Every structure is written in structure tokens, then in C-alpha cells.
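coordinates for the following, if possible.
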Amino acid sequence: MQTPLELTFKHVEPTDEIKALVREKVDHLETFTDQITSCHVYIRAPHGSQRQGNLYEVTVEARVPGDELVVHPRQKDAAAHEHLQVAIRDAFASMEREIKRWKDKIRGDVKVHDGPLQGKIVEIHHDEGYGQIIATDQRLIYFHRNAVVDGRFEDLKPRDTVELVVQTGESEIGPQASTVRPIGAMEYDPSGG
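Residues are numbered from 1 along each chain as shown. As a prediction, this is how the structure comes out:
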């Protein structure tokens, strides 16, 4: 990390044991990516007392390039969070999932479960045999005339909606569609128009 770990306690005794546990959990997060630039952990006992039934809240904020990932305590975890170590474990397990999602997103591995990926043609060069599509996941996808199915490349024009399949391996020009199929209107318009 570029910035040292920030650890804030409220109504909780900041013991060396707890500080070491949090440091260990942060070190574990860094095994998933070396792109975490800073991490701030807030540990709170909401009612300020250490009596039985007191539920600890642990919030973890991790900054990564272009984003801030935040994990807040959830009420469904309440019973187990009478123990501070359990609340810390659960918060960092949630942050681990957030980091994995972020990594998938920046790699372009975001899974779409609502049917085929859709998009709109934003640029087409009939004379050179290629174009670009803005997909519903906001990626700009290159396509070649040979990828067009169920229609003719020459008939496509900007703002036409298409379904597409993106190749799994990214080429030197970025994400590329292996299949492009012209369709009617799509459910979600990535350009907002």
C-alpha cells in the first residue's frame, strides 16, 4: 500500500491483539492484488459498553485505482458479532469478495446473467471492414466484418442495436467481438439516449 493502514476505534479498547489481527487481515487482502493504495478500518461498539449483547461494527474501506471499495456491517450478522474477532473476520471476508469482483470488472470478466451481451454501434468503417460497439457493461468493443451474423456488415450503421459475444482472450486492440448479431431495441441503453 502507498499509505499506511488507518485504524479507528470507537468505544473499543485498541489492544495490540486486535491491531495485529487487523494488520494480518489487510496483509491477506494484499495477496489478491498489489493495487490497494490505502485501507481504513473502523471498529465500533455502538452502545459504548462491553456488556453481553453488544454488537461490534467493522467497516473496511480500501482504495484501488479508480474506485473505493467499502464494506459496512450487516444486521444479519448481528448475533455472531458479539465477538469482535468474528466481526473483523466477516468484514474482511466481505472485502475479499469485493476485491475479487473489482478485479473481474477491470479484467472485463464481469459475468452477465440476463442473456446475451447487448450494445449499440458507435462507429463503423464500411470501407475498412470494422467498427466499435458500446456494450451495456460500458466496454468499447471492436468488431470485424467477419463477426457479423444474421445480417450484412454493409447494412449496419451507427446507433444500431446488436447482441454480441466477446472473445475471452483480449487482443492488443482491446476487447473484440467474435459474434455480432443485429437486433431490435435493447432493454438497457448504455449511452443514456
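
which elements pack onto the host helix or strand of Ile134?
Taking DSSP states H and E as the criterion, Ile134 maps to strand 130-135. The contact analysis (3 or more Cβ pairs under 8 Å, 6 or more residues apart in numbering; DSSP states H and E) places strand 130-135 against strand 117-125, strand 140-144, strand 161-166. C-beta: built from backbone N, CA, C; applies to glycine.

and Lys103, that one's in a strand?
No. Applying DSSP: H, G, I helix; E, B strand; the rest coil, one finds Lys103 to be helix, outside a strand.

and it, how many neighbours does it have?
Neighbours of Lys103 under the rule other Cβ atoms under 10 Å: 14.

that one and Leu29 touch, don't they?
No. The pair Lys103 / Leu29 is not scored as a contact, 11.6 Å apart, by Cβ atoms under 8 Å.

can you put the helices and strands packed on strand 130-135 in CSV and add mean pLDDT, mean neighbour count and distance to Met95?
Output for the helices and strands packed on strand 130-135, formatted as CSV (pLDDT from 0 to 100; neighbours: other Cβ atoms under 10 Å; distance: least, Cβ to Cβ, whole Å):
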stretch, mean pLDDT, mean neighbour count, distance to Met95
strand 117-125, 92, 18, 28
strand 140-144, 90, 20, 30
strand 161-166, 89, 20, 28
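
can I get those strands in JSON lines including distance to Thr59?
Below are the helices and strands packed on strand 130-135 laid out as JSON lines (distance: least, Cβ to Cβ, whole Å):
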{"stretch": "strand 117-125", "distance to Thr59": "34"}
{"stretch": "strand 140-144", "distance to Thr59": "35"}
{"stretch": "strand 161-166", "distance to Thr59": "35"}
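
mind showing which ranges of the chain have poor pLDDT?
Of all residues in the chain, those with pLDDT under 70 make up the ranges 46-54, 74-81, 109-115, 168-172, 185-193.

show me where it has helices.
16-29, 84-107 (DSSP state H).

can you say which of those is packed in most?
Each of these was scored by mean neighbour count; the highest is helix 84-107, a mean of 17, by mean count of other Cβ atoms under 10 Å.

what packs against it?
Against helix 84-107 (3+ Cβ pairs under 8 Å, 6+ apart) you get helix 16-29, strand 38-44, strand 57-64, strand 67-71.

center of this protein - which residue?
Trp102 (3.1 Å; Cα atoms, centre = their mean).

that'll do, ta.
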